[in-house]
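>>> build me a model:
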Amino acid sequence: MKKIAVIQARMLSTRLRGKSLMSVNGMPLLFRVIRSVQQTGLFDRIIVATTRFVADDPIESALKDFAPGVDVFRGDAENVLKRFVDALAPYDERDLVARFTADNPIYNRELTRKMFETHLNAGADYTYVDGLSPLVPEFIHLGALREAHRLTTDDFDREHVTPFLRKNAGMFRVQKLDKNWDRLQARFNRYLTIDTREQLEFIENLLRDLDYDKRLPPVESIYDYVQKHIDADLHTAKGLMLELDGTPVGDGLPAYIVAEIGQNHNGSIEMAKQLIDVAVDAGANAVKFQKRHIPSDLTREAFDKPYDNPNSFGKTYGEHRLALELSEDQHRELQEYARARGITYFLTPTDIPSVDMAERLDVPFYKVASRDLDNIPLLRRIARTGKPVIISTGMASLDDIADALDALGRERSDIIILQCVSQYPAELERANLRAMETLRRKFGKITGYSDHTTGITAAVTASILGAAVIEKHITLNKALKGSDHAASAEPDELARMIRFIREARKTLGDGVKEVDPAVEAARAKLGRSLVSKTAIPAGTVLTENMLVLKSPGTGLRWKERHLIVGKKARHDIPADVTLRPEMFE
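Residues are numbered from 1 along each chain as shown. This is a model prediction of the structure:
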């Protein structure tokens, strides 16, 4: 059995173009990955699989010049699974493939070796860490990879190579390792991959500060470094704070933006993926879906009630609701799609079976809809998960909110309360954003805003008022069939909203009032200085009535006149001259 490492790389990354050959602490990113693979000592061959695009010519040239022992294969740009299979054409089905990506520069050699042994001991076709880790690869026997390529017809499977194996575990011997297998800590994953310039800068700092290239520090040291970085962010908070899927959230921190997809996918998984793309492109932190178990949600009478209107997807209300539901497998696929796009996926469950489903998916936190704030059995079930909870209050009084907090655990510090008005669309004058502060004072929790208004004014204003979380419904088109689309943000609108929220935060400052160094040039040009009002003969004692203020502001200010008033002129001073202390004695 031969062992082949395949590293997928390209220059036209959607979010950070050219990153494969960008310098990361003095070494191109791709070469760092290659070195990490070589340091494991496991592999007979290393193949870099890139595309035939001209943009990827530099990858081939760089490898030929500086990594002569590494093979280069150029293949299909869109169907990455086919690219892998074609690159491995000379090898036998029993050979073992390790899949690496050029996003992750610090694959851990010890854990990779241990995972390799775990794979062999299990006799698996495919071994992976749940959620995929940036510190270890996936191991796949080539026969299974070829079978996945033969069977799949899904573009997502083809683009991301291994999802078909995970979705069809019954067809293969699949070994799924826990997301925190061995010494891994999944909550730090987002910090240890490079998909943005900010992540690149963070990795560079990590490599430099840990002297990584000389010491190859243990994984514990890497995680300790990331935790200190998170702690430093949390220390900028001015009060309450918590983490949502590894992102610090709280007072004084950047607003956490939730793109609420809800059921605006209209029952289509392809539309749901398009909406995830919209959220990612706009810069949202998370996407949220809803999940209903219809038999738990509706009475038979409500299910059978005729529902004939322009927004209906069925003849009865129950048929309408069923048409908008996605299955557990579809939600799992969307979760994986969101993970591949680098955005957090989570759910609003409306009943206990839906919470059970969400737990099988292991969502990182929950949202409770306004309609369910008094659904105490549901709240108690969510509380038992031990995960952070965001609650909307669009139909609630303060007493209702208090009851909900009692059910969730009032003493908990991982609950976020959102001001909301359950009107679709809500009128601007009903947004009542000052209620966020009321909720914070009353309940001592982090607060935010769930926006049902049209436009972006309310959301941007909420961010200025300190909303830690902002949720906005999104749609591909406001004119689409469905009751929520009209009150939702279209792609350009969402991107503009998030940009304005981020820019608005920059304007707040730290509250310290002082002369900004940036105004010194303007102050010198436009400010006023003490100037001689008339000619001042030598030996004359200067008085205030001999002074006038004129630009530029490069001389003495009025409050500094004591430095020269009452003193004698050392020499004759003409009228209209900027006065300086050395002119007097």
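>>> need the contact list for A124.
139, 141, 173-175 (CB atoms under 8 Å, 6 or more residues apart in numbering). Every C-beta, even on glycine, is put in place using the N, C-alpha and C of the backbone.
>>> same check on L42?
3, 5, 98, 112-113, 116.
>>> ditto for L322
294, 314 are the contacts of L322 under CB under 8 Å, 6+ apart.
>>> looking at this, it is in a strand?
No - counting by DSSP: H, G, I helix; E, B strand; the rest coil, L322 falls outside a strand, being helix.
>>> and the gap between it and G314?
Going from L322 to G314 by CB to CB, to the nearest Å gives 7 Å.
>>> among the contacts of A124, name the ones in strands.
Within the contacts of A124, residues falling in strands by DSSP state E are 139, 141, 174-175.
>>> hmm, who's touching the helix or strand bottoming out on mean pLDDT in the chain?
Taking mean pLDDT, DSSP states H and E as the measure, the chain has helix 219-235 as its least confident helix or strand, at a mean of 85. With contact meaning CB under 8 Å, 6+ apart, helix 219-235 is reached by 106, 108, 110-111, 135, 183-185, 188, 191-192, 202, 206, 209-210, 241, 243, 246, 248, 250, 253.
>>> report the buried members of those residues.
Among the contacts of helix 219-235, those classed as buried by 16 or more other CB atoms under 10 Å are 106, 108, 110-111, 135, 184-185, 188, 191-192, 202, 206, 210, 241, 243, 246, 248, 250, 253.
>>> can you list the weak-confidence ranges in the chain?
233-238 (pLDDT under 70).
>>> circling back: can you redo the contacts of A124 as JSON lines with neighbour count and distance to E471?
Listed next are the contacts of A124 as JSON lines, based on neighbours: other CB atoms under 10 Å; distance: CB to CB, whole Å:
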{"residue": "F139", "neighbour count": "24", "distance to E471": "39"}
{"residue": "H141", "neighbour count": "23", "distance to E471": "44"}
{"residue": "R173", "neighbour count": "13", "distance to E471": "42"}
{"residue": "V174", "neighbour count": "20", "distance to E471": "35"}
{"residue": "Q175", "neighbour count": "18", "distance to E471": "37"}
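>>> turn those into a markdown table, including distance to H452.
Shown next, in a markdown table, are the contacts of A124 (distance: CB to CB, whole Å):
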| residue | distance to H452 |
| --- | --- |
| F139 | 47 |
| H141 | 51 |
| R173 | 48 |
| V174 | 42 |
| Q175 | 45 |
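>>> relative to S450, which of these is nearest.
Closest approach to S450 among the contacts of A124 (CB to CB): V174, at 38.5 Å.
>>> so the closest one sits against Y126, correct?
Yes - shown here, V174 and Y126 form a contact pair, counting by CB atoms under 8 Å, at 5.0 Å.
>>> now the common contact residues for the two.
165-166.
>>> now the end-to-end length of stretch 416-431.
Counting by CA to CA, to the nearest Å, you get 18 Å between the two ends of stretch 416-431.
>>> quick check: buried residues in it?
Buried residues in stretch 416-431 (16+ other CB under 10 Å): 416-421, 425-426, 431.
>>> if I look at N180, how far off is L216?
From N180 across to L216, the span is 22 Å (CB to CB).
>>> could you do S36 as well?
From S36 to L216 the distance is 9 Å (CB to CB).
>>> likewise L476?
Following CB to CB, the distance that separates L476 from L216 is 47 Å.
>>> these two: who's more crowded?
L476 (18 against 15; other CB atoms under 10 Å).
>>> can you list the domains in this structure?
3-190, 197-235, 259-288+346-506, 517-583 (automatic domain parsing).
>>> now render these as a markdown table, adding distance to E301.
Putting the domains of the chain into a markdown table (distance: least, CB to CB, whole Å) gives the following:
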| stretch | distance to E301 |
| --- | --- |
| domain 3-190 | 37 |
| domain 197-235 | 50 |
| domain 259-288+346-506 | 18 |
| domain 517-583 | 67 |
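>>> tally of neighbours for A323?
A323 has 13 nearby residues by other CB under 10 Å.
>>> same check, this time on the one 3 residues further on
Counted by other CB under 10 Å, the residues lying close to L326 total 19.
>>> looks like it contacts N266 (just checking).
No - using CB under 8 Å, L326 is not in contact with N266, being 10.6 Å away.
>>> residues in contact with D154?
With CB under 8 Å, 6+ apart, D154 has these contacts: 163-164.
>>> repeat that for the one 3 residues further on.
When the contact criterion is CB under 8 Å, 6+ apart, the partners of D157 are 81, 148, 163-164, 167.
>>> so which of these comes closest to D277?
Within the contacts of D157, the smallest distance to D277 is 16.4 Å, found for P163 (CB to CB).
>>> and the closest one, how far is that from Y126?
11 Å.
>>> those two: which is more packed in?
Y126 (24 against 21).
>>> list the contacts for the more buried one?
138-141, 144, 162, 165-166, 172-175.
>>> all helices of the stretch 51-200 of the chain, in order?
Using DSSP state H, counting those that start in this stretch, the helices of the stretch 51-200 of the chain run over residues 57-66, 80-87, 109-122, 142-151, 155-160, 163-167, 197-209.
>>> with distance to A232 as extra columns, can I get these in TSV?
Output for these, formatted as TSV (distance: least, CB to CB, whole Å):
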stretch	distance to A232
helix 57-66	35
helix 80-87	37
helix 109-122	26
helix 142-151	42
helix 155-160	33
helix 163-167	35
helix 197-209	11
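>>> what is the neighbour count of H160?
H160: 20 neighbours (other CB under 10 Å).
>>> what count of nearby residues applies to the residue nearest to N477 when sequence neighbours are not counted?
Nearest non-adjacent residue to N477, counting by CB to CB, 6 or more residues apart in numbering: E490, 6.4 Å away. Neighbours of E490 under the rule other CB under 10 Å: 16.
>>> bridged to the closest residue to R45 other than its chain neighbours, which residues?
For R45, ignoring the flanking residues on the chain, the nearest one in space by CB to CB, 6+ apart is I4 at 4.9 Å. With DSSP bridges as the criterion, I4 is bridged to R45, V97.
>>> wait, I4 sits on F43?
Yes - using CB under 8 Å, I4 is in contact with F43, at 6.4 Å.
>>> need the overlap of contacts for these two.
A98.
>>> can you put the contacts of Y126 in a markdown table and add distance to Y91?
Formatted as a markdown table, the contacts of Y126 follow (distance: CB to CB, whole Å):
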| residue | distance to Y91 |
| --- | --- |
| E138 | 17 |
| F139 | 14 |
| I140 | 12 |
| H141 | 11 |
| A144 | 13 |
| T162 | 17 |
| L165 | 18 |
| R166 | 23 |
| F172 | 18 |
| R173 | 19 |
| V174 | 21 |
| Q175 | 21 |
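>>> nearest to V363 among these?
For these, the nearest to V363 is R166 (16.9 Å; CB to CB).
>>> roughly how far apart are that closest one and A358?
In this view, R166 and A358 are 18 Å apart by CB to CB.
>>> center of this structure - which residue?
In the chain, the C-alpha nearest the mean C-alpha coordinate belongs to N285, at 3.8 Å (CA atoms, centre = their mean).
>>> quick one: contacts for it?
So N285 contacts 244, 247, 256-258, 343-344 (CB under 8 Å, 6+ apart).
>>> switch to 10 Å and redo it
244-245, 247, 249, 254-259, 279, 343-344, 469-470, 498 (CB atoms under 10 Å, 6 or more residues apart in numbering).
>>> can you give the contact residues for stretch 348-356?
260, 262, 288-297, 325, 328, 331, 347, 357-359, 363, 366-369, 371-372, 375, 377-378, 380-382, 384-385, 390, 392.
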